[in-house]
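1. Based on what follows, work out the 3D shape:
(chains A and B)
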Amino acid sequence: MSVVITEPNDQEHHEHDHHDHKPSGITRWLYTTNHKDIGTMYLVFALIMFFIGGTMAMVIRLELFQPGMQFVEPHFFNQMTTVHGLIMVFGAVMPAFTGLANWMIPMMIGAPDMALPRMNNWSFWILPFAFLILLLSLFMPGGGPSFGWTFYAPLSTTYSGDSTALFVFSVHIMGISSIMGAINVIVTIWNMRAPGMTWMKMPLFVWTWFITAFLLIMVMPVLAGVVTMVLTDKYFGTSFFDAAGGGDPVLFQHIFWFFGHPEVYIMILPAFGIVSAIIPTFARKKLFGYASMVYATASIAILSFLVWAHHMFTTGMPVFATLFFMYATMLIAVPTGVKVFNWVATMWRGAMTFEVPMMFALAFIVLFTIGGFSGLMLAITPADFQYHDTYFVVAHFHYVLVTGAIFSIVAAVYYWLPKWTGNMYDETLGQWHFWCSLISVNLLFFPMHFVGLAGMPRRIPDYALQFADFNAFISIGGFLFGLSQLIFVWVLIKCARGGVKATDQVWEGAEGLEWEVPSPAPYHTFETPPVIK
Amino acid sequence: MAKTRSIRWSLPTLLLAASANTAAMPLNMTKGVTEISQEVYSLHMLIFWICCVIGAVVFGIMFVSILLHRKSRGVQPAQFHESTKIEILWTAIPVVILIGMAIPASKTLIAMDDTSAADVTVQITGSQWKWHYKYLGSDLEYFSVLATPREQITNRFEKGENYLLEVDRPLVIPTGQKIRFLMTSDDVIHSWWVPAFAVKKDANPGFINEAWTRVDEPGVYRGQCAELCGKDHAYMPIVVIAKSPDDYAAWKTAEETRIAEAKAAEQELLAMNMDMSELMANGERTYIAYCAACHQPNGAGLPGIFPALAGSDLILNDKTAHIDIVLNGKSGTAMQAFGRQLSLKELASVLTYTRNAWGNDTGDAVQAADVFKVQQGEGE
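-> Numbering: from 1, shown residues only, chains lettered A, B, ... in the order given. A predicted model of the protein is given here:
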């Protein structure tokens, strides 16, 4: 199984040469093949993207503060919703998880680094260019992509501006980066586990990422295919999605969502892994059902390939197809429920403390479950006809993505930050960050359920008067949530600069290999594999 | 129709409408006015309460645990984990609940799918950014566009009660009859949604989707396009008026007569010459209503997506091509065929206007007969 190919002598030499010795200046970051450096770069990049995408959300909320057009034009508004979505999905959430994978997976399985370190460098460094291209396209004549992050044809083909070519190119680069990252995760986990680290001893974060990586490898090529079809339809005269040439615009949606639904789980499975690490630590009690968590994750991953058309109930599919996708979607509630029940059972009769990572993890459980409930409601097809493409859906996916994925990422950062920097973060500031975020995020997203049920479509810059009060309220929640994240930056900078020194174990109840190395984790860890009993 | 329109546009109505700002928003899904929409509402409430109960149980246990099982109370953590019995239980119970939910949902879904034995069929065609209604088996067809004035959108006028939810010519249907809708699109995907009927169906270009409704209560029902369809997606509302079968028949006859008269008037128009000032005034009105969304009120277009008309080569150098593109559109672009949307008078006016506004000083007056000539030439 082992892929360690260095001779013993070489290894000694290597250690002598490089132990905690790293190149200085910009070249350290440009040339690095160190999983910790690359992890840090991914995380910092994701944070920057989170703020850029967040700024766009602020523009959206500003325009929606009142009915009528005040600040931007509808065409620019559409560019904001589109690029906000693309940046948050591909620029913030996915790279953040990849950053966590880079930092933690080798340390959790007792490996010295990722299996393919040079490819690791490459998969990070193409990302900034992808987003530079996407962001610069906003300054083209005619503006950037404005067809929604789902880029439905023919709005994205025949009826789009020329920034589409740049959009396609940038999505290709993001896809290549994700695929390389996923290959690296799979090869690392498969081959580089320390002796004794059997499959069913792996931490759940490693398991969930392992499964996520397979999802990535399976669906990112589908995304690459569909953007290429958009490109050739627009520029090279093909008619994949054009009925006039024998194509079908609904085909686009089938291909897109065949990627898009597993993509949703790509953004939540690692979150399950994080929460499954944090809850036992702060409850000081073993995870209730480790094996059933692994099986539930795998079930969700498999089911995720069978439910894509629940995004398309209004496209006019045959009734039997609709029924199939409704049943399959409802079924996903079962393994997801197993996970939530497991976390609660883990907490039951534990001895809990409530540091910031635990607070975010607890908020995750409640708020992600609320997002899960609205997901279950959306699965009921006849009701979906009323919910579809309204703010109810916007509320749903922001509950699972913001209070789900992003809260788990924030929880993970607080959880592992002392290990990364060697310093404890400022607990008081962290609690401020948590409570401000928790309150504002609910002011922001909870009223969207009502607005959606009352009939406000999504992706509109202007709305009927009945929605005015709620939208003003939602916008205020949005601004507060945006501001609350500045506290996070403050905490991060403060912690990176100094603070109370962290112990190796950091948290009283923490278990696992990452807590056995010093804090901060040395530049190279586990050059000789640990032995797992 | 003309009557309701004039009322809606009158100044006192606009001022009165200021009070509409305080209109309360319903907090829940509408029950709607059809049997199906009420079934949908019941399904929505059923699944909502199921979620509430599950949520109350799960979060309840969680909060009890947070309250009792905290280290600060000096508790020692228990050591238990894994219990096949409990794990089977919490897998099986949700499955049973879901089956209970799937049965009524499937029934409603199958009922919604049955578009057979319809009394009236209306073909609904979406295009950027308006709806077109065609009553199958009759000559009756018309476009339905947003009636909210630009000045309200740009906040120069007080917003009316039905801001963004009002159209010039609503769809009219008879009550108590099964209405079948055939949805399609001329350009991008739109979605025709009237919440009170629980009907939301995508209008896909090149394909036809079906839906149906049976409305029992006469009334005015409002909806919107639900699928992002480009820049003015927010500005293509739907208004449906359900009338008793008698009123509906009377309305239909009146509309058919009106259309026949308009056609006859067009023939007369061919022999007439309108003067420049009339053409320009009419043209500006038509331009603002139909063209300005893309080409902009100042004719500058939006660089990179919608071409400028001011100083356009085609307009300045090729009059026939200009008439042709307005009549027939340009395939592969957002430029629609306005030949079937506008009357000859409107076409002649808007052509004249675009040939003479914003420094396009061609001095041409395009007459209805000129447009007709190109139309016929193309038709053969």
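
2. Give the other helices and strands that the lengthiest helix in chain B contacts.
-> In chain B, with assignment by DSSP state H, the single longest helix is helix B:35-68. Packing partners of helix B:35-68 (3 or more CB pairs under 8 Å, 6 or more residues apart in numbering or on different chains; DSSP states H and E): helix A:319-347, helix A:356-379, helix A:381-387, helix B:84-113. For every residue, glycine as well, the C-beta is placed using N, CA and C.

3. Same question for the last one: list its buried residues.
-> For helix B:84-113, a neighbour-count test (16 or more other CB atoms under 10 Å in any protein chain shown) marks B:87, B:90-91, B:94, B:97-98, B:101-102, B:104-106, B:108-109, B:112-113 as buried.

4. which stretches of the stretch 151-300 of chain B form strands?
-> Secondary structure of the stretch 151-300 of chain B, counting by DSSP state E, counting those that start in this stretch: strands at B:171-174, B:178-185, B:190-194, B:199-203, B:209-214, B:219-225, B:237-243.

5. mind checking which of those strands is nearest A:Arg193?
-> A:Arg193 sits nearest to strand B:199-203 of all those, at 48.3 Å, using CB to CB.

6. follow-up on the earlier one: save the helices and strands packed on helix B:35-68 as TSV, and put in mean pLDDT and distance to A:Ile474 too.
-> Converted to TSV, these look like this (pLDDT from 0 to 100; distance: least, CB to CB, whole Å):
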stretch	mean pLDDT	distance to A:Ile474
helix A:319-347	96	27
helix A:356-379	97	16
helix A:381-387	97	17
helix B:84-113	94	30
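
7. so which of these gets nearest B:Pro195?
-> Closest of those to B:Pro195 is helix A:381-387, at 6.3 Å (criterion: CB to CB).

8. Tell me how far the closest one lies from the chain's centre.
-> 27 Å (CA atoms, centre = their mean, to the nearest Å).

9. between the longest helix of chain B and helix A:356-379, how many degrees?
-> 160 degrees (axes from the mean of the first three to the mean of the last three CA atoms, to 10 degrees).

10. Quick check: phi and psi at the residue of the stretch 51-200 of chain A found nearest chain B.
-> Of all residues in the stretch 51-200 of chain A, A:Gly142 sits closest to chain B, at 2.1 Å by CB to the nearest CB. Backbone torsions of A:Gly142, given as degrees, to the nearest 10, read phi 90, psi -10.

11. Verify the stated contact: it with B:Cys294.
-> No: counting by CB atoms under 8 Å, A:Gly142 sits too far from B:Cys294 to count as a contact (11.8 Å).

12. Mutual contacts of the two, please.
-> Taking CB atoms under 8 Å, 6 or more residues apart in numbering or on different chains as the contact rule, the neighbours common to A:Gly142 and B:Cys294 are B:Leu302, B:Ile305.

13. returning to what we had before: using CSV, lay out the strands of the stretch 151-300 of chain B together with mean pLDDT and mean neighbour count.
-> Output for the strands of the stretch 151-300 of chain B, formatted as CSV (pLDDT from 0 to 100; neighbours: other CB atoms under 10 Å in any protein chain shown):
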stretch, mean pLDDT, mean neighbour count
strand B:171-174, 97, 22
strand B:178-185, 97, 22
strand B:190-194, 97, 27
strand B:199-203, 97, 26
strand B:209-214, 97, 22
strand B:219-225, 96, 20
strand B:237-243, 97, 22
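
14. could you dump those to CSV with distance to chain A?
-> Listed next are the strands of the stretch 151-300 of chain B as CSV, based on distance: least, CB to the nearest CB, whole Å:
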stretch, distance to chain A
strand B:171-174, 17
strand B:178-185, 8
strand B:190-194, 6
strand B:199-203, 5
strand B:209-214, 4
strand B:219-225, 5
strand B:237-243, 8
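
15. dump the residue contacts of A:Met358.
-> By CB under 8 Å, 6+ apart, the neighbours of A:Met358 are A:Ile278, A:Ile279, A:Thr281, A:Phe282, A:Met352, A:Ala411.

16. Swap in 10 Å and give it another go.
-> Contact analysis of A:Met358 by CB atoms under 10 Å, 6 or more residues apart in numbering or on different chains lists A:278-279, A:281-283, A:347, A:352, A:411, A:414-415, A:434, A:507, A:509, B:66.

17. And the furthest pair within those residues?
-> Greatest spacing in those, by CB to CB: A:Phe434 and A:Gly509 (19.2 Å).

18. With neighbour numbers in mind, choose between these two.
-> Using other CB atoms under 10 Å in any protein chain shown as the criterion, A:Phe434 and A:Gly509 rank with A:Phe434 on top: 26 against 21.

19. how far away is that one from A:Pro447?
-> 21 Å (CB to CB, to the nearest Å).

20. to the chain's geometric centre, what's the distance from stretch B:103-122?
-> Mean C-alpha position of stretch B:103-122 versus that of the full chain (CA atoms, centre = their mean) differs by 22 Å.

21. Please list the members of the contacts of A:Met358 that lie in helices.
-> Among the contacts of A:Met358, DSSP H puts A:Ile278, A:Ile279, A:Thr281, A:Phe282, A:Ala283, A:Met347, A:Ala411, A:Tyr414, A:Tyr415, A:Phe434, B:Ile66 in helices.
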